[in-house]
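Chemist: Provide a 3D model corresponding to the input given below.
(one chain, ligands or ions: 1)
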Amino acid sequence: MATPELRRVTDDEWVDYCRFWSGLFHEDPQDDEARSWRASLPPERCLTATDDVGYIASSGALPYGLTVPGGATLGCAAVTIVTVRADHRRRGLLRMMMRRLHDDARANGEPVAALYASESPIYGRFGYGAAVPMQQVRIRRSHLATIADGDATNVSLVTREAFVDLAPRISEAIGRRRGGMLVMGPEAWDTHSRNFRGKRPDRYAVVGDRGVVRYRTSGGEWVDRVPDAELEVMDLFAVDAEAAADLWAHVAAVDLVTEVSAKRRPVDDPLRWRVADEARVRDRSRMPLFVRLLDMPTALVARAWEVADRLVLDVTDAFEPANAGRWMLEAGPDGSTCTCTRTEDEPDVVLDVADLASLWLGGVAPATLAGAGRLFVRDPATIGRLRRLFAVDLPPWTPFDF
Ligand SMILES: CC(C)(COP(=O)(O)OP(=O)(O)OC[C@H]1O[C@@H](n2cnc3c(N)ncnc32)[C@H](O)[C@@H]1OP(=O)(O)O)[C@@H](O)C(=O)NCCC(=O)NCCS
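Modeler: Here you go, the predicted model:
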């Protein structure tokens, strides 16, 4: 059987193409939803392959930015809509698409790529490592209502447009203090803030210009004279902890709701410590953001380092061999002297580029990777040096799906 050719998607076929890949994710979008994706996902960054049955594969890259410790933003190919038709699997289509997506990202000046993996074993072979652990939380509204110091009267409901105006500025302010935040253009914010499928519109609220929340409700049957709607927090972020507490207090004040959930919270979310009974916050780990260092030295030099150190890394990278080999990382608080250059010196650390991505934003501890047999050191003291070197004040957080 001939190997199918990959090609770029054209504007005219956009809606049909979206219907194809959405179908493989068991979704069925309306035309207006499919059209809206066009604004943030350029067709020229999307790939497909066709044969006599029609589309057989899809993938694309959103041209986003990704913040790193210290506040810099790096160009990031946010890989999405990866599908291969069920009767064309295991013939190398995904591998071909990843090759092209990486080459395009490099041509576009993007030193990193990122994705959410619906099946996490798939992407390690392409050098993606889980870099931003996250949690989802669930709490009865009555327990959330005990939130300390939160003042719902500081919060006002606003239009979607007002939300889209303020949310990027808050997100950018958070990104100056945390890695992992996506920097998206206004079109992407517009798509992100819509609820095409729910029966009810999303609600948007702000606390001054310091925080935003977006939520939606589902259910709401009355059972034994008690309403049981569930409220799902889609976005809740603020520039300071007080504003976040006010937003949670607002959520707790929404009537006729029994249960509140939030899908994509940072691992250091203070919510548990703000409510009267911390055991009532039920959390579980959520799909992490996977990151790929395409241009590893550029990505390493771009982040800030709290302490000075000098380590030789021996990196394996089967999919992007330009990163492979021994590198001398000289890092320190003075970013202008930070370098990552080739060396022949004996390595202090041996690891794969995917695991280096897990360390990069400070989201995963070196000891954890060493304990899992993914990172090797000659001298056990190197684990402590790595921990101090990659340490961050605030763990990375990626509050957005893509
Ligand atoms: C995941 C998917 C895109 C794989 O496509 P594919 O064309 O069959 O993949 P390839 O033939 O190029 O395989 C590339 C490698 O990935 C591996 N792989 C593919 N699917 C995998 C899976 N579900 N789990 C683990 N490994 C997988 C292959 O074994 C192969 O490994 P190798 O390089 O070691 O030989 C396809 O199964 C699919 O469309 N799934 C439904 C949608 C989905 O899950 N998309 C991912 C969204 S993040």
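Chemist: do a quick rundown of the helices in the stretch 101-250 of the chain.
Modeler: Secondary structure of the stretch 101-250 of the chain (DSSP state H, counting those that start in this stretch): helices at 141-144, 160-175, 186-192, 241-252.
Chemist: go through these and pick out the most buried.
Modeler: Mean neighbour count, computed with mean count of other CB atoms under 10 Å, is highest for helix 241-252 among these, reaching a mean of 23. For glycine as for every other residue, the C-beta is placed from the backbone atoms N, C-alpha and C.
Chemist: which helices and strands sit right next to that helix?
Modeler: Packing partners of helix 241-252 (3 or more CB pairs under 8 Å, 6 or more residues apart in numbering; DSSP states H and E): helix 141-144, strand 155-158, strand 203-207, strand 211-218, strand 229-238, helix 271-274.
Chemist: how far does that helix sit from its chain's centre?
Modeler: Remark: helix 241-252 is offset 23 Å from the chain centroid, using CA atoms, centre = their mean, to the nearest Å.
Chemist: same question, stretch 63-77
Modeler: 11 Å.
Chemist: returning to that earlier point: now the helices of the stretch 101-250 of the chain as TSV including distance to Leu359 and mean pLDDT?
Modeler: Shown next, in TSV, are the helices of the stretch 101-250 of the chain (distance: least, CB to CB, whole Å; pLDDT from 0 to 100):
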stretch	distance to Leu359	mean pLDDT
helix 141-144	34	97
helix 160-175	19	97
helix 186-192	28	92
helix 241-252	27	98
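Chemist: please name whichever of the ones you listed is nearest to the ligand.
Modeler: Taking CB to the nearest ligand atom, helix 186-192 is the member of the helices of the stretch 101-250 of the chain nearest to the ligand, at 18.2 Å.
Chemist: which one of the helices of the stretch 101-250 of the chain lies closest to Asp224?
Modeler: If you check each of the helices of the stretch 101-250 of the chain against Asp224 by CB to CB, helix 141-144 wins as the nearest, at 16.2 Å.
Chemist: now do that closest one: distance to the chain's middle.
Modeler: 28 Å.
Chemist: which strands and helices sit next to that helix?
Modeler: helix 241-252, strand 257-266.
Chemist: any idea which helix or strand comes after whichever strand in the chain runs longest?
Modeler: Longest strand in the chain by number of residues, with DSSP state E as the criterion: strand 54-67. Sequence-wise, the next helix or strand downstream of strand 54-67 (DSSP states H and E) is strand 73-84.
Chemist: who does that next one pair up with?
Modeler: Sheet pairing of strand 73-84 (DSSP bridges) gives strand 54-67 (antiparallel), strand 112-115 (parallel).
Chemist: so which bits of the longest one are buried?
Modeler: Within strand 54-67, the residues that count as buried by 16 or more other CB atoms under 10 Å are 55-67.
Chemist: make a markdown table out of these and add distance to the ligand.
Modeler: As requested, the buried residues of strand 54-67 are arranged in a markdown table below (distance: CB to the nearest ligand atom, whole Å):
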| residue | distance to the ligand |
| --- | --- |
| Tyr55 | 12 |
| Ile56 | 9 |
| Ala57 | 7 |
| Ser58 | 8 |
| Ser59 | 8 |
| Gly60 | 11 |
| Ala61 | 13 |
| Leu62 | 13 |
| Pro63 | 18 |
| Tyr64 | 16 |
| Gly65 | 21 |
| Leu66 | 18 |
| Thr67 | 22 |
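Chemist: redo these as a markdown table? Include distance to Pro43 and pLDDT.
Modeler: Shown next, in a markdown table, are those (distance: CB to CB, whole Å; pLDDT from 0 to 100):
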| residue | distance to Pro43 | pLDDT |
| --- | --- | --- |
| Tyr55 | 14 | 96 |
| Ile56 | 18 | 96 |
| Ala57 | 15 | 97 |
| Ser58 | 11 | 98 |
| Ser59 | 12 | 98 |
| Gly60 | 8 | 98 |
| Ala61 | 12 | 98 |
| Leu62 | 12 | 97 |
| Pro63 | 12 | 96 |
| Tyr64 | 17 | 97 |
| Gly65 | 21 | 97 |
| Leu66 | 23 | 98 |
| Thr67 | 27 | 98 |
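Chemist: let me see the contact set for Phe237.
Modeler: Phe237 makes contact with 167, 170-171, 174, 211-212, 244, 399 under the criterion CB atoms under 8 Å, 6 or more residues apart in numbering.
Chemist: Met184: which of those residues is nearest?
Modeler: Nearest to Met184 among the contacts of Phe237, counting by CB to CB, is Ser171 at 8.1 Å.
Chemist: surely that closest one is in contact with Met181?
Modeler: Yes: in terms of CB atoms under 8 Å, Ser171 counts as a neighbour of Met181; the distance is 5.9 Å.
Chemist: identify the contacts common to those two.
Modeler: By CB under 8 Å, 6+ apart, the residues touching both Ser171 and Met181 are Pro399.
Chemist: so what's the residue count around Asp352?
Modeler: Neighbour count for Asp352, taken as other CB atoms under 10 Å: 19.
Chemist: tell me which residues form a beta bridge with it?
Modeler: Asp352 has these beta-bridge partners by DSSP bridges: Thr316.
Chemist: measure it to the ligand for me?
Modeler: 14 Å (CB to the nearest ligand atom, to the nearest Å).
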